[in-house]
Each structure stands twice: as structure tokens, then as C-alpha cells.
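Chemist: Next one to model:
(one chain, ligands or ions: 2)
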Amino acid sequence: MGYKVKKDFLSIMDLQLGDIERVFSRAKAFKNGEKSSALSSKSVVLVFEKASTRTRVSFEVGIARLGGHPVILTPEASQMGRGEPIRDTARILSGYAHAIVMRTFGHSRIKQMAAWADVPVINALTDLLHPCQVLSDCFTLKQRFGELRGRKIAWVGDGNNMANSWINAAFMFGFELWIACPLGFEPKSEILDTAIARGAKVEIVRHPRDAVRDAIAVNTDVWASMGQEQEAISREEKFRGFQVDSRLMAAAAGDAVFMHCLPAHRGQEVSDEVLESPRSIVWEQALNRLYVQMALMELLMQERKR
Ligand code: CP
Ligand code: NVA
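Modeler: Ligands and ions are numbered 1, 2, ... in the order given. As a prediction, this is how the structure comes out:
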């Protein structure tokens with residue numbers, strides 16, 4: 001049963017650059033209207049233990065466009081919410097479906113799912129990483145700027161799951177990543193140290209202006225991620241001065257774009273003016289999720305033997 005070689009996508013580091021180039025080329029083709037029945041007669045279970053709009057809908061629609069059948073599982077409507085172990089769920093789902101897409105809290109939960117499933121597992125966001133979003137964001141940037149190697153990209157705000165995945169992307173694509181975050185809100189040190197040890201150029205600074213100077217893209221995200229709602233008020237205080245507003249965007253490169261994975265909190269991490277400005281490419285980012293994830297599923301699900 002299962003795949004000859006099962007490929008999971010829990011992190012951008014799980015792919016080779018060649019795989020990514022193939023995914024981007026297929027994503028471009030899908031965006032230009034190419035059709036594929038790569039998932040014909042196949043089912044994909046989407047396990048969502050946290051809220052989602054973009055990820056859930058783009059996966060569900062993408063699976064349908066590839067001729068496949070999406071099945072949504074939420075904790076409240078499944079035995080997972082009543083404590084059935086992941087290792088049992090993983091083996092059951094592997095029998096019915098040809099891939100599992102999972103959004104959850106601790107990264108160890110998706111690692112467990114991947115360890116026990118014998119079908120590909122795709123990370124739709126954990127507390128640690130959001131690789132589908134950042135892979136797609138790099139596709140969006142490459143479509144606009146071409147080669148990213150040696151360019152400067154800025155991250156302003158929390159060193160969260162998005163920031164961690166941007167560090168992995170900096171290693172993979174060879175761009176410089178400048179992260180401005182308040183003291184105590186740095187990205188995960190293991191991810192940062194590993195990337196730097198492998199040659200990635202990542203700088204941590206305290207002033208957003210230092211991070212954005214000459215950057216081609218200014219990225220931010222919410223100050224309190226899902227699961228941190230109780231810290232929202234205290235974080236507002238600590239992140240004061242980290243809002244991406246028009247003055248900050250003016251310090252970036254002349255053709256710089258503003259990026260945000262969404263949902264955004266206008267007036268906190270980004271001003272309404274910047275989010276709605278011509279420099280904002282947030283809608284294009286959200287749209288590209290569909291095409292990049294279709295291409296990713298096509299890649300990961302091609303080696304079925306049953
Ligand atoms: N950007 C993103 O993952 O959005 P959702 O939480 O709506 O899926
Ligand atoms: N950092 C955010 C991303 C949402 C898509 C969160 O984890 O809630």
C-alpha cells in the first residue's frame with residue numbers, strides 16, 4: 001500500500017531546488033489556464049485544527065480542479081477532537097485517501113501524522129512553519145522580480161511561523177533576509193542557526209528602517225498568531241513602532257512591494273493606507289496559493305502505485 005517513495009512537505013527544506021523550479025513552472029502553467037487531471041480518482045483529507053479561509057478554500061478548490069475529491073475534517077466534527085491519537089488517525093486516513101493536508105498547533109503533531117501516514121502529508125500551517133504560504137510568496141516575487149538571489153527582502157514584526165519559513169526560503173533561494181523584531185520575539189533559534197550555518201544571509205535588527213532599507217519586498221504578519229489570542233493586548237504594547245506604514249515603505253527600494261499572508265489587522269501591523277496601496281500585492285499572494293498548491297500536490301502525489 002502507499003507510495004514507492006513518500007514525499008511529505010512539512011517545511012520548504014523538504015524540497016530540492018529542482019523540485020521547486022518544477023512546482024513554479026507548473027504553477028505558472030496553471031495560472032495561464034492549463035488543465036490537469038493529476039488527482040483523478042484520488043481523495044485528499046484536509047485536517048483543520050485551526051481556523052482558515054485562504055488555505056482551506058485554495059486547497060479544496062485546487063483538489064477539485066485537478067479532478068480529485070477533498071474531504072474536510074475538523075476536530076469538533078471528528079474523533080480527533082475527542083482524543084483519538086494522531087498515530088491511529090494517520091493510519092486510517094492513509095487507507096482512504098491519497099494525501100493529507102494538515103493545519104495544527106504544535107509542529108510535533110504534523111510530524112507524528114507524517115511518521116504514521118503512508119501517504120504524503122502537507123503542512124497547511126503549524127505554530128512553527130507556514131511553508132505553503134512562503135513557497136507561494138516566493139513564486140509571487142519571482143514572477144515580479146525574476147531571480148531572487150542576492151536581493152534584499154524584509155520582515156517586520158513577530159518572529160513567528162511565517163518568519164521561520166522565510167528564513168528557510170532565504171537559504172533555498174539565496175536572497176538576503178532582514179528581520180526587524182522586538183527583543184524577545186525573534187524567530188526560532190534552531191531554524192535561524194541552521195540556515196546561517198548552511199550559508200543563508202539572515203540579519204536580525206531592532207529598527208524596522210534598517211530592515212527595509214533598499215528591500216524589494218516588505219513583509220509583515222499579525223502580532224498575535226492563532227493560539228496567542230490571550231497575549232494580543234500585551235503584544236500591542238511591545239510591537240509599537242513595528243507598524244508598516246507609508247513612511248516605512250518609503251525607505252524601501254523604489255519598486256518595493258508590500259506583502260502580508262492575511263488575515264491582516266489594519267492599524268496594527270500595517271496601516272490601511274499601505275494595505276490598500278498600489279504597492280500592496282496581498283491579493284495576488286492569496287490567489288497564487290491556489291496554483292502553487294495545485295503544482296505541489298501534482299508533484300507529491302505522482303508516485304502512487306496503488
Ligand atoms: N494566509 C493564510 O494561511 O490564510 P488562512 O488562515 O485564511 O488560511
Ligand atoms: N502567523 C499567523 C499566520 C496566519 C495565516 C498565524 O499563525 O495565525
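Chemist: Ligand 2 versus Asp19, what's the distance?
Modeler: When distance is defined by C-beta to the nearest ligand atom, to the nearest Å, Asp19 is 23 Å away from ligand 2. Heads up, the C-betas are built off the backbone N, CA and C, glycines and all.
Chemist: what about that residue, which SS state?
Modeler: helix (DSSP: H, G, I helix; E, B strand; the rest coil).
Chemist: which residue sits closest to it, ignoring its sequence neighbours?
Modeler: Leu299 (6.2 Å; C-beta to C-beta, 6 or more residues apart in numbering).
Chemist: Could you pull out the strands in the chain for me?
Modeler: Under the criterion DSSP state E, the chain contains strands at 43-48, 69-73, 99-103, 121-123, 152-156, 176-180, 201-205, 217-220, 257-260.
Chemist: any idea how far Thr89 is from ligand 1?
Modeler: For Thr89, the distance to ligand 1 equals 21 Å [C-beta to the nearest ligand atom].
Chemist: coming back round to it: so which of the strands of the chain is nearest Asn32?
Modeler: strand 257-260 (21.4 Å; C-beta to C-beta).
Chemist: and that closest one, does that touch ligand 1?
Modeler: No. Strand 257-260 stays clear of ligand 1 (C-beta under 6 Å from any ligand atom), getting no nearer than 8.6 Å.
Chemist: Let's test this: mean pLDDT of that strand, rounded?
Modeler: In this model, strand 257-260 has a mean pLDDT of 99.
Chemist: Now do the residue nearest to Asp19 against Arg22, distance only.
Modeler: Using C-beta to C-beta, to the nearest Å, we find Leu299 at a distance of 6 Å from Arg22.
Chemist: Could you list the buried residues of stretch 191-198?
Modeler: Neighbour counts using 16 or more other C-beta atoms under 10 Å place 191-192, 195 of stretch 191-198 among the buried residues.
Chemist: What about those residues, which are in helices?
Modeler: Residues of these located in helices (DSSP state H): 191-192, 195.
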